[in-house]
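K.L.:
I would like the atomic coordinates for the input below:
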Amino acid sequence: QVLLVESGGGLVQAGGSLRLSCAASGRTFSSYAMGWFRQAPGKEREFVARINRSGGSTYYADSVKGRFTISRDNAKNTVYLLMNSLKPEDTAVYYCAVHNGVAIFTAQSYTYWGQGTQVTVSS
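P.N.:
Numbering: from 1, shown residues only. As a prediction, this is how the structure comes out:
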């Protein structure tokens, strides 16, 4: 069992930045790849970014590539999502999750979801 708690969301103007954090319980955090997803009202949950266990390999959705950066600190059991140049279309609830499946971009490959943190970008 892994407990994930996201934080760092809020209201920001377009062009601004936010850094989301996801704190994980347990002693085996470094053995998990981690991902971030988001879900806007009326839309399906979509992949944002994924990082491997060591932090040496990352993947991004095309919509956030070059603007968002995923990172992790295994000593602190925390994964981060730095979001720059935010756009109104980035508005969503952001979730972190443990990646323990095969496919990287599908939510079905992830378990132990956090409760989510709201990000709202105003125009």
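K.L.:
going by C-alpha atoms from here, please, whenever you check contacts or count neighbours.
P.N.:
Noted.
K.L.:
wait, L86 touches G10, no?
P.N.:
No: here L86 does not reach G10: they are 12.0 Å apart, not a contact under CA atoms under 8 Å.
K.L.:
and those two? Which one has more around it.
P.N.:
Using other CA atoms under 10 Å as the criterion, L86 and G10 rank with L86 on top: 23 against 14.
K.L.:
ignoring the adjacent residues along the chain, who's closest to the more buried one?
P.N.:
G15 (4.9 Å; CA to CA, 6 or more residues apart in numbering).
K.L.:
so for that neighbour, what's the pLDDT?
P.N.:
On the pLDDT scale, G15 is placed at 98.
K.L.:
neighbouring strands - and their directions - for the lowest-mean-pLDDT helix or strand in the chain?
P.N.:
The helix or strand of the chain with the poorest confidence is strand 110-111; it has a mean of 92 (mean pLDDT, DSSP states H and E). Paired with strand 110-111 in the same sheet, following DSSP bridges, are strand 92-99 (antiparallel).
K.L.:
for the strand it pairs with, give the mean pLDDT please.
P.N.:
97.
K.L.:
many thanks, I have nothing further to ask.
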